[in-house]
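Visitor: Pasted the sequence and its predicted model underneath.
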Amino acid sequence: MTFGPWPSPVSRLLTHKDACLLASQRANRPITRTYSSTRPSSPPSRLYQFHFGASWAAKPPEKSRIHVPFSSDTTVGRWRDEMLGKWKNTTSRDAGEDFFFVTEVCPGRSSSHGVSFGVADGVGGWVDSGVDPSLFAQTLMYHAHRYSRHGWAGEPEIDPTQEYEERERVEGWELTPSKCLECAYHGVLRERLVSAGSSTACIISLNASSGVLRAANLGDSGFLIIRSSSAIYRQPPQTHFFNCPYQLTKFPPNMVPSTHFADQPNRAAQYETKLRDGDIIIAFTDGLSDNVFTSDIVAICSFVARSGGSEDVQAQMMANRIVDYARVCMRERKKMTPFSREALREGLYYRGGKIDDVTVVTAIVRETV
């Protein structure tokens, strides 16, 4: 799936007092913001195009698993089905307790701005309390998608060829991944159909004008950047202790929050970098990172890139191959995996992979002149 290219715009700064309130308003009705700055800046000399793939696989059903999904006639249920239906994934009908989103930022405008995407992993321990962990993750990604569509992946931009009056009126505001995570979390807290739950989350924005990647990651989901067949960055996981990641949480009224781990969105690790032509971004849940080493992910992407085909085909094939390999590794009982290695560091004997849901979103970056 391709996003971009878009026309070159000029940056303007939009100040706001409450991004979540503005985002909520914009998500439900159009709003207009006025910019006071009139000083022009040079338009970027290069534009960026992004090619996406997504793949997922739910772990085998367990007797203890509680699966009470959103009905397809609910807002989140309809969006969930539409998101799953966009991708050529043949492994699993649903993503288990994981979920994800990919959305164009400011779609339908003459100066569409970029792409936002993310992954979330519902914490399975809520099954013991009679809660379906997938509901939290799906709702978190739904609200992240909803807010991302109406916020710029950088400073709001305008077309320098427009008349002065038109340039002074621009819809939208800058929405960073960390602010998006905060807004999405509060959206989950307001959702009546989600009684309780927890989730890790990773949200990434790609700016189509500047090529800048920005990310916010809470917990042990994460992302990887591959450049020239080498991993140049991998997001470190955030954990309280072994196998207990940072997590956003919604408590039921009858539960005492102080007895459980609950982290706020502002604890998310933030990252920013400038992308280059040919870079590959892999966003993933811990079903991948617990079972597949970084070197193997790089090798799979390099093999697919050499096989040829369009960037869209390659991005989807990378996602599919990575998920397939993760499923193989998690069933191995003698193979050393990242999870078993971390267990040994904690003084625990554990061999083989860890059975889990796995979700992967891939993006290939291309510069256009």
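Guide: That came in fine, so what should we check first?
Visitor: Show me the strands in the stretch 251-369 of the chain, by range?
Guide: In the stretch 251-369 of the chain, strands defined by DSSP state E, counting those that start in this stretch lie at 269-274, 280-284, 358-368, listed in chain order.
Visitor: Check the stretch 1-150 of the chain too.
Guide: Assigned by DSSP E, counting those that start in this stretch, the strands in the stretch 1-150 of the chain fall at 2-3, 10-11, 33-34, 47-57, 98-105, 114-122.
Visitor: so which of these gets nearest residue 133?
Guide: The closest approach between residue 133 and any of the strands of the stretch 1-150 of the chain, judged by Cβ to Cβ, belongs to strand 114-122 at 3.4 Å. No exception for glycine: its C-beta is placed from N, CA and C like everyone else's.
Visitor: pLDDT of that closest one, averaged?
Guide: Average pLDDT, strand 114-122: 96.
Visitor: Report the angle between it and strand 98-105.
Guide: Going by axes from the mean of the first three to the mean of the last three Cα atoms, to 10 degrees, strand 114-122 is angled at 170 degrees with respect to strand 98-105.
Visitor: Show me where the stretch 151-300 of the chain dips below the pLDDT cut-off.
Guide: The stretch 151-300 of the chain contains residues with pLDDT under 70 at 152-173, 257-260.
Visitor: Just send the strands of the stretch 1-150 of the chain back as TSV, with mean neighbour count and distance to residue 332 too.
Guide: Below are these laid out as TSV (neighbours: other Cβ atoms under 10 Å; distance: least, Cβ to Cβ, whole Å):
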stretch	mean neighbour count	distance to residue 332
strand 2-3	19	36
strand 10-11	20	50
strand 33-34	12	54
strand 47-57	24	15
strand 98-105	26	21
strand 114-122	29	21
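Visitor: Which among the strands of the stretch 251-369 of the chain is found nearest to residue 237?
Guide: Nearest to residue 237, of all these, is strand 269-274, at 9.3 Å by Cβ to Cβ.
Visitor: Can you tell me the strand partners of that closest one and which way each runs?
Guide: Partners of strand 269-274 in the sheet, by DSSP bridges, are strand 212-218 (antiparallel).
Visitor: Report the inter-axis angle for the partner strand versus strand 358-368.
Guide: Angle between the axes of strand 212-218 and strand 358-368 is 170 degrees (criterion: the same axes, to 10 degrees).
Visitor: C-terminal to strand 212-218, what's the next element?
Guide: strand 222-227 (DSSP states H and E).
Visitor: Which elements pack onto that next one?
Guide: Packed against strand 222-227 by the contact rule (3 or more Cβ pairs under 8 Å, 6 or more residues apart in numbering; DSSP states H and E) you find strand 197-207, strand 212-218, strand 230-234, strand 280-284, helix 294-306.
Visitor: TSV for those, including distance to residue 2?
Guide: Rendered in TSV, the data for the helices and strands packed on strand 222-227 read as follows (distance: least, Cβ to Cβ, whole Å):
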stretch	distance to residue 2
strand 197-207	13
strand 212-218	17
strand 230-234	24
strand 280-284	15
helix 294-306	17
